[in-house]
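Chemist: Would you be able to build a 3D model of this:
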Amino acid sequence: LRFLPAALVPLLVHFGLTYAVSGSFIPIYLQKALYLYPGSYWLAPTGLDALHEPKAVYLFHMLLGHHGLLVMTPLLVLALASAARSCQWPVLGPLVALVVFYALTTHNYGGLCVGFRWLLVIVPVLLLYAARWLDERPSNGRLAVFLCCFAVGLYNTADALDDPWTRS
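Modeler: Here you go, the predicted structure:
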């Protein structure tokens, strides 16, 4: 319960900004009239925005595929293992809720971004659990796994900076 005051800060900022921008506390994505108007791109999206994949395929791409949270930053696999082992439901609960919500309610990847942008909000917290994973049982083997995951994430970051969506 001690984390609640700190957790309220981003929520208050989110709803304050939402109200300032739209005049309502309802999240903008739930106010379809703000983006589904005559002439709106979202009435006839193209490319990645126009995909209508089966939910299982969408979920795969969200976690492990072309927008995969766990593929782009494999340290998060270690983080999830550490958070699950220590039963950190204040972290895992919202992550699972977000994944289920997006898997069931949309087919939108959030545009041509590298990673699933709606899950990025939880990445800083998960990275703390990646460090915790390494600290739980220090060993050379764990350090090697950690460094390999870090190297893959570093490579993916460098690759993303080169804008992989525009390569031919």
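
Chemist: What segments of the chain are strands?
Modeler: Shown for the chain, no strands are assigned by DSSP state E.

Chemist: quick check: longest helix of it.
Modeler: Criterion DSSP state H: the longest helix present in the chain is helix 140-161.

Chemist: Need the pLDDT of the residue located most distally from the centre of the chain.
Modeler: Computed with CA atoms, centre = their mean, the residue of the chain farthest from its C-alpha average is Pro38, at 30.6 Å. Pro38 is assigned 92 on the pLDDT scale.

Chemist: For it, list the residues it contacts.
Modeler: Pro38 makes contact with no residue under the criterion CB atoms under 8 Å, 6 or more residues apart in numbering. For the C-beta atoms, the positions are set from N, CA and C on the backbone; glycine is no exception.

Chemist: What values do phi and psi take at it?
Modeler: phi -50, psi 130 (degrees, to the nearest 10).

Chemist: Quick one: distance of the worst-scoring helix or strand of the chain on mean pLDDT to the chain centre.
Modeler: The helix or strand of the chain with the poorest confidence is helix 69-72; it has a mean of 83 (mean pLDDT, DSSP states H and E). Here the centre of helix 69-72 is set off from its chain's centre by 9 Å, with CA atoms, centre = their mean, to the nearest Å.

Chemist: For it, name the packing helices and strands.
Modeler: Contacting helix 69-72 under the criterion 3 or more CB pairs under 8 Å, 6 or more residues apart in numbering; DSSP states H and E are the following elements: helix 55-63, helix 75-85, helix 140-161.
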